[in-house]
Each structure stands twice: as structure tokens, then as C-alpha cells.
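Chemist: Coordinates for the following, if possible.
(2 chains)
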Amino acid sequence: MEIGLVELSRLQFAMTAMYHFLFVPLTLGLSILVAIMETVYVMTNRPIWRQMTKFWGTLFGINFVLGVATGITMEFQFGMNWSYYSHYVGDIFGAPLAIEGLMAFFLEATFVGLFFFGWDKLSKVQHLVVAWLVAIGSNFSALWILIANGWMQNPVGAEFNPDTMRMEMTSFFDVIFNEVAQAKFVHTVSAGYVTAAVFVLGVSALYLLQNRHKDLARRSITVASSFGLAAALSVVVLGDESGYSASHTQKMKLAAIEAMWETEPAPASFTLVGFPDQEARETHYAVHIPWAMGLIGTRSLTEEIPGINSLVIEAEDRIRRGILAYDALMTIRENRGNVPAEARATFEQYSDDLGFAFLLKRYMEDPRDASEDQIAMAAEDTVPGVFPLFWAFRLMVALGFSFIAVMAYFFYRASFRKMQFPRWSLYAAVAIIPTPWIAAELGWFVAEFGRQPWTVDGVLPTAMSASHLSIADLLITLAGFVIFYTILFVVEIKLMVKYIRKGPFQDVDETEAWQNRHEARLRQNPNTPTAAATPAE
Amino acid sequence: MILYELIEYDTLRVIWWVLLGVLLIGFALTDGFDMGVGALLPFVAKTDVERRVVINTVGPVWEGNQVWFILGGGAIFAAWPPLYAVSFSGFYLAMFVVLAALIVRPVAFKYRSKREDAAWRARWDWALFAGGAVPALIFGVAVGNVLLGVPFHLTQDLMPMYDGSFYGKFLGLLRPFALLAGVVSFSMLLMHGAAWLSLKTEGLIAERARRIGSVAGLVAAAGYALAGLWLAIGIDGFTLVTDAVANGPSNPLYSEISREGSWIAAYGTRPWIIVAPIMGFAGIALAVMGLRAGREVSTLLWSKVAITGIISSVGLTMFPFILPSTVDANSSLTVWDASSSHQTLFIMLICTLIFMPLILAYTAWVYKVLWGKVTETDVTEHADTLY
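Modeler: Here you go, the predicted structure:
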């Protein structure tokens, strides 16, 4: 397959996925924040909380729709651009995507309409339930998509079937309770909660600076900072959990992130900063913290973390075994119905390394023809780009820790300083609005770029996964997506700004009037199923 | 005993073939009227208030309806991976156009009335029109192409490859029969959208919708009849040469297939499938009569019957074929060789049995809450919050 085609397909996927993830984190977090605000409204019956629910709900809606729209692309792009991938692992990977639709998409999409249009048709409690269902639906969808993604990182519960030339599920349980998936899920949704908390905090700070909607802004900051503090702690803790699971599931990714060229005696030191040089296999100007890496990665003082160089040697061995598996597979295929027992046995012994033989397909049709040089080249391909991973990871972690500090500060001021915030802190809160998005995108970059050269770690190389399209096809759709998505982005930012400027469109008085009208209406019409919820006087 | 062996592999395959149909029909019945309404928008509503009435008839529900489409994609991926791989990459540019339309549509719904500017609103109205009309047309064209066969083959590694002028070239899809199928699906969904508007609106809008809808129904019926005739005399069908191993491994290359006979022969071997086209024609006839007479609920139901009949007839006629190949008949995908593994089909069936009734129940509740006509007063009173 042409390498240009694979690179373009990757570019398109990366672009559409990262674009999609501009909207998802805010949806995840804001849906819950809005539901929390509405819960307070229903419990206290104070109009300000309904006003907050409606205001943040409007911004949620503007964002939600683009998350949904760009998500459609994701659901179809596997088949469009990654047809061999879809065939090869669809038996496992397709299931969580379908369950996501059944369990999550229907829930959020069916109720989100009612959230916006149902205020007059539902009782307060019913509307609150609807708000929570939207939030739960959004968060469930993250669960299933991360189970799917977790399987790409750590393909458990599946084995290769020579008859169908694909991976098939052996244990659904293993796929769901994949440790990588579970850690990633909590890490990702927490990142979404932090994003929403920073967003609410920043917009509220803007209102305080402008001296308007102060009641709404102060209360919003209180909710956002307490929710955000818990979420920021969870992001960092679960990020650490992801790192721990990578130390035994994705050793190469971990070594690349840490620029660990050689295996160090345990416990390994942690490189705080430095300039990794992939060619020379060393990190210039490195600043080390002794022991830290070994403790984080293995949670022990004696376990070793393998370095890149020894992992490359291991990959070479696996490629050689993979070639044996490939040879046996060809024999099995040619003698269908009468497979020699020997070939079957060889295949079973080495089938775990079949994917490593596929790494050679980039260089030749038949991996059995590989020369020593080519095997060495393919082994070298298993090292992802160290420099970008090293720095992306460090930037993400630094942002993660700074969110804890920010949230803790505002939580303190809101709880113990009567919701009074110094002006400099408000300016800072506005300025940091974009940072959680940067952290989230960096996180995905580390996870997926670090997975290269595989689409499914150790099972299927990226170079084999793409569809046999023409370069022209790819250029047309790529240009289409760029133009189209840019327009949508500009429109959405404009609308966000417009609605933030406009502020809460219902004044407290007006909300109070609505509340009285609504209750009167419910009393008048005993047929409404909601009448019971508001007993008549 | 292993749990999934409770149901035989071949039985599960047939169940999933039926479920594939259910999803496509579910999509056409729900999101179908959204698309029809979008396509009707410029013609049934002239003033801004009228347009907002029309848009708000589907405003709260289109999002849930669209999930049928997304779930359709996910379910094909999970239950029929080779079909997902071959069709989505084979119809690459057509898929892109559908995606573009389906991305624009949600945004148009949400953003259109967020600014007063008339030019802004006019632009989004056109986006809503395209978001409804384009997919309605392309889905039909795609079905037409499936009946004609698609020029792909599978390598020994089961990598899908595409040949000739078809692949990658959008225009290659626009063969006359496929275009006819596009006309059928477009007019069918136009009728469905009109039936919805006749139920949800009043006065001038409803009148215009009924007029256009009854014409669309007649076009759909004529096109459907013509397509059937064309299939009978002008298009080759596909036949399994060797007996299918109905519970064998999912490798499309294991079965021998030839291009001979006619699709319509299925009506000889399985006469009962005639029910589907009868439902199609009868449903259209009764829906058109309902539109003319101004009946509301029953018209929408008959329109649903028509759509169910028309879509089922395609699947039943082709069974066991799902996606035939014109260049290498043996690569054709059938029910017996293009599914997921036994275990995956079983697990997905359990999940569907758990969640589908829930989905239907809460969807029904939402429609019940939203029951009733959308009026111009509604729109002017809630100008700030409605679409």
C-alpha cells in the first residue's frame, strides 16, 4: 500500500477526532454541572438556580450539537478510511460502538430535545430527571468509546481465526473490564469535568469583572470550583493509573514518553525535562529525579522498566516468530479442509506474534522474503516519535497539576472568603479558559501517537489498516473537512460569544413570574401527569 | 456448555439480518420524516414564522431520530464487519456527501433562529433543505447500486479492493436504475414528511404539505412499480452455486456464486414475500387518500406501512445476498458469510434485547409529552427558546 495514502488517512482521522474532542469534554462536564444546578433549583425552589440552569444550558446546547454532528463522522470513518481495520477487528471493536448507540446515544439524544423544549410541558421533578438522563447518557457514551479505544491499546479477550482472517472475540468480559479502558474512562470524563469547570469559572469571572449578573456568577463559581477540584484530583490520580497500566501493557509507549533509551537498574529515575534525540538515542540536557520513574511505573523498588533499545531487540525476536506464524498461516490457508497438524501447532505456538510479521508488509508483499536488514528496519519502526511524546506528556501533566491549584484557590475563596475574589484572580480565570482543551488534546495525542506504528497494539499495523482509496479521494474529503469544520468552528465561537455577552436572558423576576404561572397551570390541569408532584392547596 | 451456543449460528445470522432491516426501517420511519420535513421546508412555509413552525415540529425529536442512523452504522460494524468495511469505503465519496449533509443539519436546526438576521436564517433554511433532501436521495441511490451489484473484490487476506470507473468516482454511482431508486426513496420520504406536517401543523402549512405529499406519494408508487419491472426484465440477479454452509466461518471467498437468473425469481421460491410490495403499494395508496381527505394519525401510520413494505421488499428479494459483487461474484457478501462470530452475534443480541424495549418505551413517552400541534402562537410566544 502507498505510504502517502496511509499518512493522509491518519491525518484525516487525527484531524476529525481532535476536532470532535473540542466539543466532547465540555458536553461531558457541562451536562453534569447543569444537572447539579437544576437539582439545587428543585430542592431550594430559588429562581436564581433555574436561571443558572437555563443560561448554562443554552451554552451547553450550542456546544452539544457540534459534538453530535462531528461524532457522526467518527462512527463512519472506520469503514470509510480504515476498511481493513474494520474487517480485521470489527468482531470485537464494533460491539462497544453499537452498545454505545443503544445505551448512550439514544438516551442523551432523545432527552436533550425535551430538556430544551419541555420546560412548560413537564413538572419540575420530571424536567430534572430529563436533565440527569442527558448527563448520564453523555457519560455512558464516553464509557463505551473508551472500552473500544482501550482495546486498541491493550487487545485482550480476542484471538486470531485463520478461517476468517480476523481477530474474534473470546471473552466479552475481558474486553469490558480491560484495565486500560477503565482507567482511561475515568481519566477522560474527569478531564471533561475539569474543562467544564474551567469554562464556567472563566465566564463567571468575566461577569464579575464586568460587574453584571453577579449573583449568578458567584454561585456558578462555587459550584464549578468544588466540582472542578474533585475532578482535577481525579484526572491526575487516574492519569497515574493509566501510566501504571502502560508499564505492563504498552511498554514501548511508556519508554518513549519517558525517553528511556536504556533499561536502568530498578528503581529507574524520572527525566523531568530534556531534549530527546531519537537518532543518537540519548536525551540532551536531561534533569533526572532519582527513583521516581520506577515508583510511578511499577509501584515497586525492584521491578525494572525496559528501555527502548531492549524493546527493539525484543521486537526483532517477535518479528522472527511472527514470520513463522505467517508461514504456518499460509500453509493452513492453502490446505483448507486438510490442514497438516504440524502447521496448526506452529501457528498456535506463534500466533501472538503474527502482527509483528505484518510490520514487514510495509516493505514487501510476503513477510517470509524479509532480509535481516528489513527485519531490523521493521523492529526500529516500533519506536514512536520520542520527542513529541516526551514534551506533549510533560505539558499535559503540568497543566493537570495547575488545574488542581486553580480549583483549590477558587474553592477556598468561595467557601471561606464569602465568595469574594480579587480582580487578578478573575483575570487569570478568564485567561486560562482554553487550557483544559489544550491538555485534553495533548492527552489524546500521547495516547494515539504513542500507539504507533499500530492501530491495535501488537496485532495490526497502521500501514495495513487503511482502505485502498486513491490519493485524490483522500484529498477531496480532507479539503472538504477542513473547509467545512473551519466554518462550523467560526460559527460556533461567534454564537458562544454572542450568548455569553447577552448573559442570562431571563431575569430573576421573570423566572419567578414563570414559576407562579407554571404552578398555576399544573393545578388547573389535573390531567397532566405532573399535577401530583405539586399538590393543590 | 457455552452460553452462546444456545442459539445456532445460522439462526443468529438470520436474526441479525432481520435486525439490520429493523434498524434501517427504524431510521426511515423516524428520521425519515425529519428529512422529508427538511426537503419540504422551502415549499410549505414562506414566512419566517411559518418556517419556524415547520422546524419546531421536528425540533425536539430529530436528534433522537438521527441516532437510528448512527446505531445503524454501529450495528453493521458489530454484526456485519465485512459489509461495513466494503460498503463504507466503496461508497466513499457518497458517504462523505451524506456525512456533510448530516453534519450541517443538526447545526442548522440549532443555530438558525439564534440570530435575527434574515440572510442568516435564509442560509440555514437552505442547509436544512439540503440536509433533508440529499441523504434522502443518496440512500435510495445506494440501495439501487446494491441491487445492481458493486465492483469490488476481496483479496485472499480479505482486503476489500475496488475496480474500474465505479470506485472513488461519485458519478459512477449515478446509474439509471440507481437514480430511479433514489427518486423512489426521495418521494417516499417527502410523502412521509408531509404526513407528519399534516399531523403537527394547521392551516396553510398543512394544506400545502398535503398537496405536495399526495403528489410525492404517486411518484413513489410509479417509481417503485417501474423499478420492480426493471428488475424483472433488465437486471441480472445472483445465485449461490454451491449450497451455503449456513453456520460456517464468515469468509465470503468460501462460497461459489454466479451471476445468473433474476432477483425476481425469489418470488417463485418464497411466494410469501409478496406481502412486502403489497404493503408498499397499499400503504402509499392509503396514505395519499388520507392526505387528500385530511386524516391525520392514520395517514402517518399508512405512510409508515408503505416505507416498511418498500424497504423490506429489497432485503427479502435479495436474501441471502447482502452486497453482491459485479467483478468477482465469489466475493459477494451473503447472510451466511459476512457476519461477526457466533459469540459476538449472541452478545449483541442480548444487548439489543435489553436496550431496544427501553429505547422504544422512553421514545414513546417523549412523543407523548410533545403530542399536539405546533402553532404560530407557540413560536411567537417562545421566540427566544424555540428553534
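Chemist: Where does the stretch 201-350 of chain A get nearest to chain B, which residue?
Modeler: A:Arg333 (7.0 Å; CB to the nearest CB). In this view, the C-beta of every residue, glycine as well, is placed from N, C-alpha and C.
Chemist: Close to chain B: what parts of the stretch 401-537 of chain A are there?
Modeler: Within the stretch 401-537 of chain A, the positions lying close to chain B (CB under 8 Å from any CB of the partner chain) are A:467-470, A:472-473, A:476-477, A:480, A:484, A:488, A:491, A:495, A:498-499, A:505.
Chemist: mind listing the strands for chain B?
Modeler: Using DSSP state E, the strands of chain B run over B:152-154, B:160-162, B:239-240, B:257-258, B:321-323, B:333-334.
Chemist: Nearest approach to A:Met407 belongs to which of the ones you listed?
Modeler: Of all the strands of chain B, strand B:160-162 sits nearest to A:Met407, with 49.2 Å by CB to CB.
Chemist: Is the closest one positioned near chain A?
Modeler: Yes - counting by CB under 8 Å from any CB, chain A has neighbours in strand B:160-162: B:Pro160, B:Met161, B:Tyr162.
Chemist: Report the lowest-confidence entry in those residues.
Modeler: Least confident by pLDDT among the residues of strand B:160-162 next to chain A: that is B:Tyr162, with 84.
Chemist: Of the residues of the stretch 401-537 of chain A next to chain B, which pair is most distant in space?
Modeler: A:His468 and A:Phe505 (52.4 Å).
Chemist: So for these two, which residue has more residues nearby?
Modeler: The neighbour count for A:His468 versus A:Phe505, taken as other CB atoms under 10 Å in any protein chain shown, is higher for A:His468 (19 against 13).
Chemist: That one is in contact with B:Asp157, isn't it?
Modeler: No - judged on CB atoms under 8 Å, A:His468 makes no contact with B:Asp157 at a distance of 11.7 Å.
Chemist: sorry, back to before: from the residues of the stretch 401-537 of chain A next to chain B, which single one is nearest chain B?
Modeler: Among these, and counting by CB to the nearest CB, the member closest to chain B is A:Ser467, at 3.9 Å.
Chemist: three-state assignment of that closest one?
Modeler: Following DSSP: H, G, I helix; E, B strand; the rest coil, A:Ser467 is assigned to coil.
Chemist: quick one: it from B:Trp16, how far?
Modeler: According to CB to CB, to the nearest Å, A:Ser467 and B:Trp16 sit 24 Å apart.
Chemist: More neighbours: the two, which one.
Modeler: Regarding A:Ser467 and B:Trp16, a neighbour count based on other CB under 10 Å identifies A:Ser467 as having more, with 29 against 24.
Chemist: For the more buried one, what are phi and psi?
Modeler: phi -70, psi 150 (degrees, to the nearest 10).
Chemist: Just to check, it is in contact with A:Gln77?
Modeler: No - checked against CB under 8 Å, the pair A:Ser467 and A:Gln77 is beyond contact range at 10.0 Å.
Chemist: Contacts only, for B:Val219.
Modeler: B:Val183, B:Ser187 (CB atoms under 8 Å, 6 or more residues apart in numbering or on different chains).
Chemist: B:Gly294: what's its closest spatial neighbour, skipping adjacent residues?
Modeler: Closest residue to B:Gly294 apart from its sequence neighbours, by CB to CB, 6 or more residues apart in numbering or on different chains: B:Arg210 at 6.8 Å.
Chemist: Could you double-check that that neighbour lies in contact with B:Glu296?
Modeler: No - the pair B:Arg210 / B:Glu296 is not scored as a contact, 10.1 Å apart, by CB under 8 Å.
Chemist: where do the contact lists of these two overlap?
Modeler: In contact with both B:Arg210 and B:Glu296: B:Ser198, using CB under 8 Å, 6+ apart.
Chemist: Those two: which is more packed in?
Modeler: When B:Arg210 and B:Glu296 are compared for neighbours, B:Arg210 comes out ahead with 23 against 17, by other CB under 10 Å.
Chemist: For A:Met293, see how far away the more buried one is.
Modeler: To A:Met293, B:Arg210 is 73 Å away according to CB to CB.
Chemist: just B:Arg123 next, same as before
Modeler: 55 Å.
Chemist: ditto for B:Ile212
Modeler: Counting by CB to CB, the gap from B:Ile212 to A:Met293 is 70 Å.
Chemist: So which bits of stretch B:117-133 are buried?
Modeler: Within stretch B:117-133, the residues scored as buried using 16 or more other CB atoms under 10 Å in any protein chain shown are B:Arg121, B:Trp124, B:Asp125, B:Ala127, B:Leu128, B:Phe129, B:Ala130, B:Gly131, B:Gly132, B:Ala133.
Chemist: Repeat that for stretch A:125-145.
Modeler: Result for stretch A:125-145 [16+ other CB under 10 Å]: buried residues A:126-145.
Chemist: for residue 305, what are its contacts?
Modeler: Defaulting to chain A. A:Ile305 touches A:247, A:251, A:254-255, A:258, A:260, A:263-264, A:266, A:268, A:293-294, A:297-298, counting by CB under 8 Å, 6+ apart.
Chemist: try chain B instead
Modeler: By CB under 8 Å, 6+ apart, B:Val305 lies in contact with B:Met279, B:Ala282, B:Gly283, B:Leu286, B:Ala287.
Chemist: what about A:Glu330, neighbour count?
Modeler: Careful, residue A:330 is Met; it's not Glu. 17.
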